[in-house]
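1. How does the following fold in three dimensions:
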Amino acid sequence: MGPLTEKFLEALGREVGFTPEATEGGLVPLLAGDRRALLHFREGEESLVLYAEIGRPAAARRAEALAHFMARNFLLCETGGAVFSYVPSDNMLGQNMRLDMNRLEVPVFLQSLDAFLEMAAENAALLARMNGSAAPDAPPPPPGGAQADGARGGGDFIRA
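-> Sure, this is the predicted structure:
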């Protein structure tokens, strides 16, 4: 793990109460209350990729939901710099954002992560409304990863 990754993990640790650990590949699952993300520290590129699952579009509304979210990707006008992705094999809509670690100061990193998580929660609620339900189908809690209450688990929560 390089010095840039260590700097951001230590800052995140001060926020959540312990320093999260990255896998050899630079992955850090994060659970902050009901907000989840996967942080991918890419040392070779000196970048950080944030990922959050938005949810599964209902079969009856899938085309409409995907068209809506993919249209928001256009010029990143409605995404705050994030992009949406879709994994057909899991029927999972995701939100992704790349940050340049060389140009990122710790306070901006923490603000960016918080804004990213907030936007993911808003998008999950929007998808739930599009699906016609009151709340998104919540995946089970992650079996491991960083948790804001300081609890530790043993595994990753993002499916490969």
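
2. going forward, measure contacts and count neighbours with C-alpha atoms only.
-> Noted.

3. residue boundaries of the strands in this structure?
-> Using DSSP state E, the strands of the chain run over 27-32, 35-42, 47-55, 83-87, 92-100, 146-147.

4. Looking at the ones you listed, which is nearest to residue 123?
-> strand 47-55 (6.3 Å; C-alpha to C-alpha).

5. quick revisit: deepest in the core, which of the strands of the chain is it.
-> Highest mean neighbour count of the strands of the chain: strand 146-147, a mean of 26 (counted as mean count of other C-alpha atoms under 10 Å).

6. pLDDT (mean, whole number) over that strand?
-> Averaging pLDDT along strand 146-147 gives 44.

7. about what we covered before: would you turn the strands of the chain into CSV with distance to residue 71?
-> Formatted as CSV, those follow (distance: least, C-alpha to C-alpha, whole Å):
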stretch, distance to residue 71
strand 27-32, 28
strand 35-42, 23
strand 47-55, 16
strand 83-87, 9
strand 92-100, 13
strand 146-147, 32
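
8. For those, which has the smallest mean pLDDT value?
-> Among these, strand 146-147 scores lowest, with a mean of 44.

9. for the protein, longest helix please?
-> For the chain, the helix with the greatest residue count under DSSP state H is helix 106-131.

10. packing partners for that one?
-> Helices and strands touching helix 106-131, as assessed by 3 or more C-alpha pairs under 8 Å, 6 or more residues apart in numbering; DSSP states H and E, comprise helix 3-16, strand 35-42, strand 47-55.
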